[in-house]
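*Asks:* Sequence and predicted structure, then a few things I'm wondering about:
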Protein chains: 2
Amino acid sequence: MKVGLLGLGTVGGGTLNVLHRNAAEISRRAGRDIVVSHAAARDYNPDDLEGLANVRISDDAFAVVRDPEVDIVVELIGGYSPARELVLEAIENGKHVVTANKALIALHGNEIFKAAQDKGVTVAFEAAVAGGIPIIKALREGLAANHIEWIAGIINGTGNFILTEMRDKGRDFADVLKEAQELGYAEADPTFDVEGIDAAHKLTILASLAFGIPLQFDSCYTEGITRVERQDVEYAEELGYRIKHLGVTRRTQEGVELRVHPTLIPERRLIANVDGVMNAVLVKGDAVGSTLYYGAGAGSLPTASAVVADIIDIARTLTTDPGNRVPHLAFQPDELSDLPVQGMDKVETAFYLRLTVEDKPGVLARVTGILGDSGISIEAVKQKEPLAGETEVPLVLLTHRVLEGDMDQALAVIEAMDTVRSISRIRVEYLD
Amino acid sequence: MKVGLLGLGTVGGGTLNVLHRNAAEISRRAGRDIVVSHAAARDYNPDDLEGLANVRISDDAFAVVRDPEVDIVVELIGGYSPARELVLEAIENGKHVVTANKALIALHGNEIFKAAQDKGVTVAFEAAVAGGIPIIKALREGLAANHIEWIAGIINGTGNFILTEMRDKGRDFADVLKEAQELGYAEADPTFDVEGIDAAHKLTILASLAFGIPLQFDSCYTEGITRVERQDVEYAEELGYRIKHLGVTRRTQEGVELRVHPTLIPERRLIANVDGVMNAVLVKGDAVGSTLYYGAGAGSLPTASAVVADIIDIARTLTTDPGNRVPHLAFQPDELSDLPVQGMDKVETAFYLRLTVEDKPGVLARVTGILGDSGISIEAVKQKEPLAGETEVPLVLLTHRVLEGDMDQALAVIEAMDTVRSISRIRVEYLD
C-alpha cells in the first residue's frame, strides 16, 4: 500500500514518523505494509523526519497526485487552494484521499464527496475534527444505531487554553493570547481560533455526520471569545459554572441549530472540566444517552494518529465495493436530508447577563421588570458593591431558558435605559 | 439483512426496539433494511417490545441458529452455556455473530474467534465492554496507528455507583450496596460486580485488543471494593484523591500488567470525576497521547446501541473478503504476541496505606524506618488524633512509586509489630 504525502510540515512529518516508527505494529494490525513512497514538500527539515531514505521527494505536489504508484494521497498542506485542486485531481486519478483539512471539507466537502462517489474512491477526514480523537468514526459507525439529538464540543484547543488560563490564574484575554502565541498554540493571526472560525469548520462537519445534512458552513453562527472578560469568568465561577467555547449543534422540530459561542456550563459536568489545549466532544443519542470523547485536538503526532487510522481504514476497504463502504457524511449520499439550519432567534438557551449600571435605587427592579414582561424568568441575581469612588456597578443575572429572539427584544429595551451603560451576555447550556 | 435474536430480556428487548424505532435512520446510514426475523425467548413481555408482529418467536434458541433465513445471530442470553454452544453452531452454519457477553468472550473468545476465522465470518462484541461506549472500535480502528502504552478504565457501573455514593454522602459500603440492589443496579448476588470479576472480563478483552495478545482471563489480578471503608474515601479526599475501581493494563519491558483493584487517582484527572453508574476508559497511545471515552456502561438501550452498531458494521463488510476485515483481536490472527502477563510483585505503583496503630510514641518513626529500609519513600503522612477513650489511631501514608514485591516485604515486617493492629492498602495511579 503506497502513500503519497502532500506536505512534510507539522502533521505531514508526524504522519511519516508514525508510519515509520510503528511500521511493524501497523502491519500486524492492517495485514499489509503501508509505506510512504512519494512526498511533496519545498521546505522540510530532514533531521525531524524518519524513514526519509526510501521516499521520493518532489517539490511539485501535482507530481505526487499523478504518480501511478501512489494508492492513497494524503493532503496535509491546508488552506483552500491548491488543496482543493490537488484533492480533486487525486480523485480523478482514481486515488483514495486522506486529509486533515477542516476548512477544505467544511467549504468544499459537498463537491469533493460527489467527485469521490462518482469515481468510487474514499475521502477520509478523521484528522479534520478534534485531532487524534476518533470522533468521526464514533459518529459515523460507533453510534450508527442512534437518532442523534445534539452535539456539544470543545473543538479549538487554543481557545480552551486561553479560557483555562483566565480562570486558573485570573488573567486577561489579551495577556493569555500573547503567551499562547509565544508557546506556538496560537497563530500570529489568531482570528481563526479566537473568533471561532476553526471551531465552526469542525462543527459544520460534525452536524452533517450527526444529522445527515449537506455541509453548510455559511449557515453556522460564529461568535468568538474575544469579548469574554476576566470578571465574567469569576462571576460564572461564583454561580457554579465554567465558561467554555463550545460548538453546539442540535436537532429540533423545525431544523438544526449550528452555533459556536462562549457558553456557561455547570461545573460538575465532565466537559466543564476539560482544560488547557485538550478537546472533548459530547454526543447525545436517543439510545446510548450521553457519550464523551476526549483527547488532544491538535499537534503533530495526535493528528498523525488520525491520519494513519484513516489510511488503515482505506486499506481494509480496498476489496469492498463502494456501496458498502461507510458513506462520507455517515448517511448514504442519496439519503441526505434538507432539514434547514435555524436562525439564532429560534434558539432556546438560558442566559448569563452582566450589566454595567448606575449605582441608583430601582435599576434592578426595572431590569427584572423588563425581562419579566418578555416572559423571561430569573434564576439568580448578583448585585455587586461599587468600588470606592465608582458610580457604576456590575449587575449579574442568570435567566431560565428563553428564545433568543425574546431576549434580543428585552435587551433592546434595557439597553435604552439611561441608567444602563453596557450589557454583556453569554449563553448557558445544561447539556443534560 | 435478517437478524436472529437470542433473548428478549433487557438487552434483547432494547435491541429489538432500537432496530424498530430507528429503522428509517439506520437504513439511511447502512444502505439497506435491517430487520429482526426470528427471536428465541421463553419469557418476555410483549408490551415492552416494538415491531414484534413481524418476528417469528421460538422457545428453542437453536431453532434461530439453524434458521437458513437468518444472516446474523445476536446472542444476548449471557452466561457460558448454552451461549458458547449457540455461538459455535451459528458460526458453523456460516452466520455472523454479535454478542454482548463479556464472560463468554473473556473465557472462550480464543476458541470462538478461531472457529469464526476458519468459516470466514465475523464475531462482533462492542457491547461486551463499557456498554454503549464505542471503545472496542476506538481501540481496533480509531487508534490503530498507535503503540498502546496503557489503558485504565472504570468499567463496572455498579462499583462506581457505590464508590460515588460513599464519597458524596459519607455512606458505608454495605448500606450503598443494599440501595444499589433495590435500584436494580446490582444483582441479588453482587459478587461479579463488587469483587471485580465483571471488570476483569472486560479488562481481559481490552488488553488483548491493545497489545495483540490472546485472551487470558485467568491471569488477571482481581481485587474488589468490599474492603474500601468510608474513612479511606475521606482520607483520600483530604490528600486530593478519589478512589475508583479501575481496570488497568499496561505494557512494560517484560510483559503486560493486567489488574483490577480500587485505586486512588488525583482529583483533577478527568476520569476521577466520572461518577455514578457511568463508565469511562482512558487509553494512552504513543502518538495520540491520552484519550478518554465516557458513557453509559450498561442498560437496555445503551447496550443495544453497541449491538446495533455491530450489526451495521457487519452489513458493511458482507462484500469484503475476510482477510480485509478488522481482525477480532485488532491484530491479524497469526500476528498475536506471546508477551506474558506479569505477576503483581513486578507491578510498580504508589501506595496509600492506612494503619491502625497503638497511640504510643515512636510507632510512626518505626513504620517509616521499615519502609525506608526497603527503599520506599514517603510523599505524605497524616497521623489522626485518637477519639476520646480510644487507644488506637489511624496512621495514613502516601508513598512514592514502589515495586509491589518490595511493598509486600516491608508490610510483612510492619504487620509483625506489636503496636500495629491492622493495615489497609490501596494502590495509587497518576495516569499521566
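*Replies:* Received it, and whenever you're ready, just let me know what you need.
*Asks:* mind pulling up the phi and psi values for A:Gly31?
*Replies:* Dihedral angles of A:Gly31 (phi, psi; degrees, to the nearest 10) stand at phi 70, psi 20.
*Asks:* Go ahead and confirm it touches B:Gln332.
*Replies:* Yes: with contact defined as CB atoms under 8 Å, A:Gly31 counts as touching B:Gln332 (4.8 Å). Yep, even glycine has a C-beta here, placed from its N, CA and C like the rest.
*Asks:* A:His147: how many residues sit nearby?
*Replies:* For A:His147, the number of neighbouring residues by other CB atoms under 10 Å in any protein chain shown comes to 18.
*Asks:* residues in contact with it?
*Replies:* Each residue near A:His147 by CB atoms under 8 Å, 6 or more residues apart in numbering or on different chains is listed here: A:285-287, B:22, B:25.
*Asks:* switch the cut-off to 6 Å
*Replies:* Taking CB atoms under 6 Å, 6 or more residues apart in numbering or on different chains, we find A:His147 in contact with A:286, B:22, B:25.
*Asks:* that older thread, quickly list what's touching both of A:Gly31 and B:Gln332.
*Replies:* Counting by CB under 6 Å, 6+ apart, nothing touches both A:Gly31 and B:Gln332.
*Asks:* Going by residue numbers, what spans are helices in the stretch 101-250 of chain A?
*Replies:* Per DSSP state H, counting those that start in this stretch, the stretch 101-250 of chain A carries helices over the ranges A:102-119, A:135-137, A:157-169, A:173-183, A:191-194, A:197-211, A:230-238.
*Asks:* quick check, nearest of the contacts of A:His147 to B:Glu234?
*Replies:* When those are compared for distance to B:Glu234 (CB to CB), A:Asp286 wins out at 39.3 Å.
*Asks:* Just give the closest residue to the closest one, not the sequence neighbours.
*Replies:* What sits nearest to A:Asp286 in space, not counting adjacent residues and going by CB to CB, 6 or more residues apart in numbering or on different chains, is A:His147, at 4.3 Å.
*Asks:* Distance of the one you found relative to A:Ala90?
*Replies:* Applying CB to CB, to the nearest Å, the value for A:His147 to A:Ala90 is 35 Å.
*Asks:* what's the answer for A:Gln253, then?
*Replies:* For A:Gln253, the distance to A:Ala90 (CB to CB) stands at 41 Å.
*Asks:* which residues does the closest residue to A:Glu392 other than its chain neighbours bridge with?
*Replies:* Excluding the flanking residues, the one nearest A:Glu392 by CB to CB, 6+ apart is A:Thr356, at 5.3 Å. Beta-bridge partners for A:Thr356, by DSSP bridges, are A:Pro394, A:Ser422.
*Asks:* got the residues of the stretch 201-350 of chain A near chain B?
*Replies:* A:273, A:287-289, A:291-292, A:294-296, A:301-302, A:304-305, A:308-309, A:312, A:316, A:319-321, A:324, A:331-332, A:335 (CB under 6 Å from any CB of the partner chain).
*Asks:* can you tell me which of the residues you listed are in helices?
*Replies:* A:301-302, A:304-305, A:308-309, A:312, A:316 (DSSP state H).
*Asks:* just to revisit the earlier point, need phi/psi at the residue nearest to A:Asp286.
*Replies:* Torsion angles, degrees, to the nearest 10, at A:His147: phi -80, psi 110.
*Asks:* Now do A:Val55 against B:Glu223, distance only.
*Replies:* Relative to B:Glu223, A:Val55 is positioned 50 Å away (CB to CB).
*Asks:* my bad, A:Leu301
*Replies:* Going from A:Leu301 to B:Glu223 by CB to CB gives 35 Å.
*Asks:* Next one, pLDDT for A:Gly184 please.
*Replies:* Looking at A:Gly184, its pLDDT stands at 85.
*Asks:* before we move on, what about A:Ala304?
*Replies:* 98.
*Asks:* so what's it closest to, chain neighbours aside?
*Replies:* A:Gly14 (3.5 Å).
*Asks:* For A:Ala83, see how far away the one you found is.
*Replies:* From A:Gly14 to A:Ala83 the distance is 18 Å (CB to CB).
*Asks:* out of those two, which sits in the more crowded spot?
*Replies:* A:Gly14 (26 against 21).
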